[in-house]
Each structure stands twice: as structure tokens, then as C-alpha cells.
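K.L.:
sequence plus the predicted model coming up.
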Amino acid sequence: MSQIDNKIMNVTRNILTIISITKNDIDGIRKTINSTRELRTSYNVEQLIVDSSDEHDAIQVNSITLNEKNLSLISCKEQGISRAFNVGIKQSKSTWILFLNGGDEILPELINVDYASIIYLLQKSTSDLLVFQIKFRDRQTVFSNTFLRDNWPIIHNLMPHPSSFIRRSLFDTYGMYNEDYKSAMDLEFWARIGNEKINVNNISIPIVLFGEDGISSKKNVLTNKEQKRISRKYLKNNIRKLLGKIKIVIETSF
């Protein structure tokens with residue numbers, strides 16, 4: 001057992017909640033549950049499955065989750081991803097939240113020492129956001145993160161929520177996901193808090209295998225419409241950020 005393992009032997013269940021939403025995707029949520037089992041069984045990480053499946057698939061989801069440790073199933077009438085996220089947030093009492101939806105997986109090559117390091121980091125970190133990288137399952141490429149303050153224009157740059165550990169208190173301070181947005185709610189949340197004084201750490205280590213066929217990545221007309229709406233709503237903030245960058249460039253030129 002490593003030194004880090006020894007230090008987290010008394011880790012409580014309140015350090016991390018993984019929120020996973022699913023709808024009529026049995027294979028996807030099974031992959032997700034299998035990938036989190038080590039974290040749940042060895043490190044007391046809690047996982048909440050928020051299921052909006054039809055009756056037939058809901059029975060199968062229930063069967064999959066029955067004998068899993070530290071895993072709770074929440075039935076939620078389908079009213080958009082933002083509502084499902086908020087249902088999970090309200091149920092969570094942990095310090096940190098990770099949104100890992102059906103079809104997304106904790107990278108299988110992560111073994112005990114890596115899990116221990118992540119949990120230890122969550123215990124000791126004073127950040128508000130810990131943003132790791134994701135690896136695309138089909139393309140086998142890694143998504144490169146950018147700093148929140150550099151995400152301009154916001155419509156083109158996002159921090160990947162499957163690998164972003166969010167301090168639970170951010171939702172208490174700045175509000176939960178805006179349920180007026182059924183698909184692009186995470187973009188609106190990042191845009192809303194983009195000018196706030198929050199501490200973000202980008203960590204260039206991929207920890208999640210991201211399925212581009214999963215619920216997190218399904219783009220449609222509604223998503224594109226909401227992204228444009230958000231971009232217009234926060235245009236003033238974006239211009240302020242851009243002017244700030246121009247000012248910095250001018251000042252450093254002399």
C-alpha cells in the first residue's frame with residue numbers, strides 16, 4: 001500500500017459524488033458503472049444514477065444497480081439534462097461533484113495508486129475547479145484544456161464536464177444549472193461564473209474515456225440554438241475579457 005493510500009484510509013463518503021444521467025442507454029450506463037466500481041468500493045466515492053428511461057429500460061437500469069456499493073438510483077421524469085443534473089446536485093452532500101454520464105468511463109488504465117492520488121488531491125485542494133483531460137474513445141485523442149479566463153468566445157470553448165471536479169459550494173454560491181437550457185446548461189454555467197474570482201487548476205492528465213455517442217455529446221438543433229443564445233446573453237462579459245487581454249498586451253509592449 002502506498003503512502004497516499006495510507007493517508008486516505010479514513011476518507012469519508014462526503015469527499016466526492018459522481019452524478020451520472022442516463023436515458024434508454026443500458027450499454028452506456030453499464031460501462032459507466034463498471035468504470036467507477038473501484039472508486040466506489042475502495043474509496044467510498046458515492047455515485048448517483050439519475051435515470052429518465054422509459055419503463056422497460058428503467059427496469060433494466062434498476063437491475064444493473066441493485067448490488068452495487070455506494071450507488072443510488074434516482075428516477076427522474078425526462079425534462080432535459082439540466083433538470084437531471086440539478087436533481088443529482090440536490091441529492092449530493094459531498095465536497096466535490098463529477099458529472100460522468102452514461103457512456104463515459106473512468107479510464108481503465110487508472111489503477112489504485114492513481115485513484116488514491118486523485119482522492120488525496122480532492123482532500124487537500126483549495127481550488128474551486130480541478131479540470132483534468134478527457135480521451136475520446138473512438139479517435140483515441142486527448143482534449144486539450146484551456147483556462148476559464150481564456151475561453152473566448154464561449155461558444156467555441158468549454159471545459160469538459162466529464163473530467164471537471166466542481167466544488168459543491170459553487171452551486172450554492174452562484175446557483176445551479178439554468179433549467180431554461182435543456183442541453184447547453186454547462187456552457188451557460190461556465191459563462192455565468194466566468195468573471196467571478198474562482199480558483200481553477202488545469203491538470204494535463206486524461207482521466208476519462210469519453211464516448212462521442214453518449215448523452216453528453218449528442219448535438220442537435222436545440223443545442224446549437226441555446227449556444228448562440230448564451231453567447232449573445234454574455235456578449236458584454238466576453239467583450240470585457242477581450243478588452244482586458246488587449247490592455248495587457250499594450251501594457252507589456254512598453
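P.N.:
Cool, got the structure. None of these values were measured; they are calculated from a predicted model. Residues are numbered from 1 along each chain as shown.
K.L.:
just the CA trace of stretch 194-202, in PDB.
P.N.:
What follows is stretch 194-202, C-alpha atoms only, in PDB (Å, rounded to 0.1, in the frame of the first residue of the first chain):
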ATOM      1  CA  GLY A 194     -16.500  33.300 -15.900                       C
ATOM      2  CA  ASN A 195     -15.900  36.700 -14.400                       C
ATOM      3  CA  GLU A 196     -16.000  35.600 -10.800                       C
ATOM      4  CA  LYS A 197     -12.900  35.100  -8.700                       C
ATOM      5  CA  ILE A 198     -12.700  31.300  -8.700                       C
ATOM      6  CA  ASN A 199      -9.600  29.200  -8.400                       C
ATOM      7  CA  VAL A 200      -9.200  26.800 -11.400                       C
ATOM      8  CA  ASN A 201      -6.500  24.200 -11.700                       C
ATOM      9  CA  ASN A 202      -5.900  22.600 -15.100                       C
END
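K.L.:
any idea how far it is from the middle of the chain?
P.N.:
Relative to the chain's own centre, stretch 194-202 is displaced by 15 Å; criterion: Cα atoms, centre = their mean, to the nearest Å.
K.L.:
what is the mean pLDDT for that stretch?
P.N.:
The average pLDDT within stretch 194-202 is 83.
K.L.:
report the buried residues of it.
P.N.:
Going by neighbour count (16 or more other Cβ atoms under 10 Å), the buried part of stretch 194-202 is 194-195, 198, 202. Bear in mind the C-beta positions are built from the backbone N, C-alpha and C, glycine included.
K.L.:
repeat that for stretch 39-53.
P.N.:
By neighbour count on 16+ other Cβ under 10 Å, the buried set for stretch 39-53 is 39-40, 42-53.
K.L.:
those residues: which two are farthest apart?
P.N.:
Spanning the widest gap among the buried residues of stretch 39-53 are Ser42 and Ser52, at 29.6 Å by Cβ to Cβ.
K.L.:
nearest to Ser117, of the buried residues of stretch 39-53?
P.N.:
Ranked by distance to Ser117 (Cβ to Cβ), these are led by Tyr43 at 11.1 Å.
K.L.:
how about the nearest residue to that closest one, chain neighbours excluded?
P.N.:
Among residues not flanking Tyr43 along the chain, Ile119 sits closest, at 5.1 Å (Cβ to Cβ, 6 or more residues apart in numbering).
K.L.:
before we move on, the earlier item: adding pLDDT and secondary structure, write the buried residues of stretch 39-53 out as JSON lines.
P.N.:
Output for the buried residues of stretch 39-53, formatted as JSON lines (pLDDT from 0 to 100; DSSP: H, G, I helix; E, B strand; the rest coil):
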{"residue": "Leu39", "pLDDT": "93", "secondary structure": "helix"}
{"residue": "Arg40", "pLDDT": "94", "secondary structure": "helix"}
{"residue": "Ser42", "pLDDT": "91", "secondary structure": "helix"}
{"residue": "Tyr43", "pLDDT": "92", "secondary structure": "helix"}
{"residue": "Asn44", "pLDDT": "93", "secondary structure": "coil"}
{"residue": "Val45", "pLDDT": "95", "secondary structure": "coil"}
{"residue": "Glu46", "pLDDT": "96", "secondary structure": "strand"}
{"residue": "Gln47", "pLDDT": "97", "secondary structure": "strand"}
{"residue": "Leu48", "pLDDT": "97", "secondary structure": "strand"}
{"residue": "Ile49", "pLDDT": "97", "secondary structure": "strand"}
{"residue": "Val50", "pLDDT": "97", "secondary structure": "strand"}
{"residue": "Asp51", "pLDDT": "96", "secondary structure": "strand"}
{"residue": "Ser52", "pLDDT": "93", "secondary structure": "coil"}
{"residue": "Ser53", "pLDDT": "93", "secondary structure": "coil"}
